[in-house]
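> Please work out how this folds:
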Amino acid sequence: MGGSRRGRAVVPAAEVACGHHLSPEGPPPTPKSVDPAPTPCQKPSVHGKNIIFIPAQVCIGIIVVLIVHNYWFLYVPYLTWLCLDWRTPEQGGRRSNWVRSWTVWRYFKDYFPIHLIKTWDLDPSHNYIFGFHPHGVLVAGAFGNFCTNHSDFEELFPGFTAYLHVLPFWFRCPLFREYLMTSGSVSVSKKSVSYVLSKEGGGNISVIVLGGAEESLDAHPGKFTLFIRQRKGFVKVALTHGASLVPVFSFGENELFKQVNNPEGSWLRTVQEKLQKIMGFALPLFHARGIFQYNFGLMPYRKPIHTVVGRPIPVHRTPHPSPEQIEELHQTYMEELRKLFEAHKRKYGIPEHETLIFK
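Numbers count the residues shown, from 1 in each chain. From the prediction side, this is the model:
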């Protein structure tokens, strides 16, 4: 593909500044028993992103209170404007560089810390779909790297704008949707992805967490189960718009929390799957560390996250792709994703015998 060439892995500036320069063998593995204490500024930043459904509920509660107490001069104008603005999450959203530059996101990134690793040059005259894996519980790598201005994204991928596609449910929450869009997040609906990829001039990246909510229920430390075999919609959209596919694997994403054991077929998993179908999002029963102790709490463990961006798969624009074309490209994508994982797993402390499990 024009403009794409093999390049060396780029070391993010944050790693150089911290003295963690990547050697050919990768960074030294972090002992599992080590969980450094967070700074006072890092604690609220992590909790704010961690319990995402709490601020959403708070925002809904604010609207309810305004209605109950008949503050019509506040809620009527907002709800009227909300109706007029309803489709904005499917039309590129409304990002704010001011919000994306908040210092709290730098503390969030440094808490784990989160690193972005580039392995291939991308052509800014093209549009791309980044397939992000795994979902994990927090999706910290996707948020930290693509939804804030404190990552190395602009340095590693100059001329590009990234859009993180999330569940449409979150954009139905009054007030909270405004906050979410400021980060550069947009809906994961087909219309939304097509809107981003149809922009002329290129330089747009749709970041899609392909495993979705279902995959979060299998986000156990040391496990690499990806729900991707039946996820083919992104392939069809890529063919329709001629957007190159790029596999992205976030090493360490599943190490941030422990989950209550929920194997398929268990009563807990059955309840979780039924609730997911009803509500549209999953409810993994997770725990990690506390604010002042390490034994139990909702703060994620301080485990490094290395989000590795792989080699782009060239895609020729096909307005009406056949099932055979979709299947062929889907198989190619899974092969490239597996190659990416195998090529980098030893650098990040994953045993040689571990491999990806596709469901």
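> which residues are in contact with the longest helix along the chain?
For the chain, the longest helix by residue count, based on DSSP state H, is helix 323-344. Here helix 323-344 makes contact (CB atoms under 8 Å, 6 or more residues apart in numbering) with 26, 119, 131, 133, 224, 226, 228-229, 232, 235-236, 238-239, 245, 247, 249, 251, 306, 308, 310-311, 313, 315, 318, 355-356, 358. The way it works is simple: take the backbone N, C-alpha and C, and place the C-beta from them, glycine included.
> ok now it, how far from the chain's centre?
On the basis of CA atoms, centre = their mean, to the nearest Å, helix 323-344 sits 19 Å off its chain's mean C-alpha point.
> in that helix, what's buried?
Buried residues in helix 323-344, counting neighbours by 16 or more other CB atoms under 10 Å, are found at 325-326, 329-330, 333-334, 336-338, 340-341, 344.
> Just list whatever residues bridge to S185.
Bridge pairing for S185 (DSSP bridges) gives the partners L164.
> and it, how many residues sit next to it?
For S185, the neighbour count with other CB atoms under 10 Å is 25.
> can you pull the contacts of it?
93, 147, 163-166, 170.
> ok, residues contacting the helix or strand containing I278?
Here I278, judged by DSSP states H and E, is contained in helix 267-279. For helix 267-279, the external contacting residues (CB under 8 Å, 6+ apart) are 169, 213-214, 217, 260-263, 282-285.
> next one: stretch 256-264
112, 136-138, 140, 217, 219-221, 268-269, 272, 284-288, 300-301, 303, 305.
> Buried subset of the residues you listed as a ChimeraX selection?
Restricted to buried positions by 16+ other CB under 10 Å, the ChimeraX selection for the contacts of stretch 256-264 reads:
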select :112,136,137,138,140,217,219,220,272,284,286,288,300,301,303,305
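> and the contacts of stretch 256-264, which of them are in strands?
286-287, 305 (DSSP state E).
> mind listing the strands for the stretch 101-250 of the chain?
114-120, 128-133, 161-166, 185-187, 204-209, 225-226, 244-251 (DSSP state E, counting those that start in this stretch).
> out of those, which comes closest to S198?
strand 204-209 (9.0 Å; CB to CB).
> just the angle between the closest one and strand 161-166, please?
Computed with axes from the mean of the first three to the mean of the last three CA atoms, to 10 degrees, the direction of strand 204-209 lies at 30 degrees from that of strand 161-166.
> Work out the gap between strand 204-209 and the centre of the chain.
Centre-to-centre, strand 204-209 and its host chain are 9 Å apart (CA atoms, centre = their mean).
> Mind picking out the helix or strand in the protein with the poorest mean pLDDT?
When the helices and strands of the chain are scored by mean pLDDT, DSSP states H and E, helix 13-17 comes last with a mean of 35.
> Give me the pLDDT for N254.
pLDDT for N254: 97.
> Flag every buried residue along stretch 249-258.
249-258.
> Please apply the same query to stretch 348-359.
Applying 16+ other CB under 10 Å to stretch 348-359 flags 348-350, 356 as buried.
> burial measure for the closest residue to F176 other than its chain neighbours, as a count.
Distances taken as CB to CB, 6 or more residues apart in numbering place C59 nearest to F176, at 4.0 Å, with adjacent residues excluded. Close neighbours of C59, defined as other CB under 10 Å, add up to 18.
> C59 belongs to a helix?
Yes: C59: assigned to a helix according to DSSP: H, G, I helix; E, B strand; the rest coil.
> That one contacts L180, correct?
No: counting by CB atoms under 8 Å, L180 is not a contact partner of C59; they are 9.9 Å apart.
> where exactly do the helices run in the stretch 51-200 of the chain?
Taking DSSP state H, counting those that start in this stretch, the helices of the stretch 51-200 of the chain run over residues 53-68, 72-84, 97-100, 103-111, 140-146, 153-156, 176-182, 190-197.
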